[in-house]
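Participant: Provide a 3D model corresponding to the input given below.
(one chain, ligands or ions: 1)
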Amino acid sequence: MSRALYLTRFKRESVEWELQVFKATRVMVKRLYRDPGMDAALPSVGGIDCAITLAAPAKINLSLLVFSRQPDGYHDLHTVMATVDFYDDLHLCSTDSEGITLRCLGEACPDGPENLVYRAASLLAEHAGLRPRVQILLHKHIPAGAGLGGASSDAAACLWGLNRLWKLDLPRRILSQLGAQLGSDVPFFFYGPVALCTGRGQIVQPLDLRSDRFILLIMPKLSVSTAQVYQHYVYHPDQSRQRLGQVEHCLQQGDLDGLLDQPNNSLEEACYAQFASLRRLRDELEAAGIAPLGLSGSGSTLFAATDSSEQVNQWARQLHGRDEIARVRTVRFHNQGNPFTEVHHADFGNSHQTGGEPQRST
Ligand code: C5P
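Facilitator: From the prediction side, this is the model:
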């Protein structure tokens, strides 16, 4: 098949799939409004019963301090992270056929075992001794390589959702330990919305801190490799110690806004050393009054925070049409107690359509 024909067919299939998801979601929402206790037949997507839909939030690093490299190759961290109301959607559907099938819509992402979601499903099944029977539909909105933790959040949401779909009843602590095997940022997403993460990022201490600020996310047309940024990182003990003092002072005062006013990201220099265009963009935006600007994770997303909704909208307008920016988005901190907003959950155990229950392997 020619590449053009393949792409046309792939695009047509994706659009059809998207349409089916849209229709099914509309049916679910209508039914939930009419009959909140429904356990009748479930709507289906492409002939598959969708049981759980979760919203997986993006994160930003309000501070990110990097210390020395440890013998395992990872660096010691002290980072305050917070989830924001910008989400990927994860649909988990039971199937009759054995295996894990992943389909992605929206922002580009791999749909095989290279995807952290696929690996999360596989890891959980292995941990529980199950042969998985699941189709996963991941609707990506959060760009990859943007420092927003999209892939980690999707993986955590997948562990969280499959734990319910497969009725495993594993505690958050175990899900978090499994998540740590997938990536350093994954455990955070079980304990948000705001937490201090240390070790290589996997030791998570939830913080009872909130902020009402409006945040502008500026997502450049740049995908950054975290591993590469860490490779270029140079540890300056004195600078890190001084920054740690500032961050700890804010935390002691319970002042999340103080962290936003004084962004501290040890990876900035290593990131800008590789992407001079990002440093230029940061400098130009700060000179234009969009300040102070923080860098999330290892980049490439820049963010600025303000108390005023007019101000944040004004900033967004200022950036309109800039060539080097892929997307600009105004967000607020995600303030839900539950880490993943469950858009829909139909309990297969009470339904007569139980065909997709996973099989326990021996
Ligand atoms: O844990 P994760 O797979 O997200 O990390 C990606 C890469 O970032 C690692 O391979 C490592 O090079 C680097 N890293 C690090 N120290 C950390 C976290 C990540 O050096 N604490």
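Participant: rest of the way, CA atoms for contacts and neighbours
Facilitator: Fine.
Participant: let's see the pLDDT reported for residue 207.
Facilitator: Residue 207 carries a pLDDT score of 97 in this model.
Participant: can you list phi and psi of it for me?
Facilitator: Main-chain torsions, residue 207, degrees, to the nearest 10: phi -120, psi 130.
Participant: ok, and the closest non-adjacent residue to it?
Facilitator: residue 195 (4.8 Å; C-alpha to C-alpha, 6 or more residues apart in numbering).
Participant: which SSE is immediately downstream of the helix or strand encompassing that neighbour?
Facilitator: Take DSSP states H and E as the rule and residue 195 turns out to sit in strand 194-199. For strand 194-199, the following helix or strand on the C-terminal side (DSSP H and E) is strand 203-206.
Participant: list the buried residues in that following strand.
Facilitator: Within strand 203-206, the residues scored as buried using 16 or more other C-alpha atoms under 10 Å are 203, 204, 206.
Participant: which one of those is nearest to the ligand?
Facilitator: Taking C-alpha to the nearest ligand atom as the measure, the ligand lies nearest residue 203 of these, at 10.6 Å.
Participant: I'd assumed residue 197 was in contact with that closest one.
Facilitator: Yes. Counting by C-alpha atoms under 8 Å, residue 203 does reach residue 197; the two are 5.4 Å apart.
Participant: what residues are up against residue 177?
Facilitator: Contact analysis of residue 177 by C-alpha atoms under 8 Å, 6 or more residues apart in numbering lists residue 187.
Participant: could you pull out the helices for this structure?
Facilitator: Counting by DSSP state H, the chain has helices at residues 3-34, 116-128, 150-165, 172-182, 188-191, 226-231, 237-253, 256-261, 268-274, 276-287, 309-319.
Participant: mind putting those helices into JSON lines with mean pLDDT and distance to the ligand?
Facilitator: Conversion of these to JSON lines gives the following (pLDDT from 0 to 100; distance: least, C-alpha to the nearest ligand atom, whole Å):
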{"stretch": "helix 3-34", "mean pLDDT": "49", "distance to the ligand": "29"}
{"stretch": "helix 116-128", "mean pLDDT": "98", "distance to the ligand": "10"}
{"stretch": "helix 150-165", "mean pLDDT": "97", "distance to the ligand": "8"}
{"stretch": "helix 172-182", "mean pLDDT": "98", "distance to the ligand": "7"}
{"stretch": "helix 188-191", "mean pLDDT": "97", "distance to the ligand": "12"}
{"stretch": "helix 226-231", "mean pLDDT": "97", "distance to the ligand": "4"}
{"stretch": "helix 237-253", "mean pLDDT": "96", "distance to the ligand": "15"}
{"stretch": "helix 256-261", "mean pLDDT": "96", "distance to the ligand": "20"}
{"stretch": "helix 268-274", "mean pLDDT": "97", "distance to the ligand": "12"}
{"stretch": "helix 276-287", "mean pLDDT": "97", "distance to the ligand": "20"}
{"stretch": "helix 309-319", "mean pLDDT": "97", "distance to the ligand": "30"}
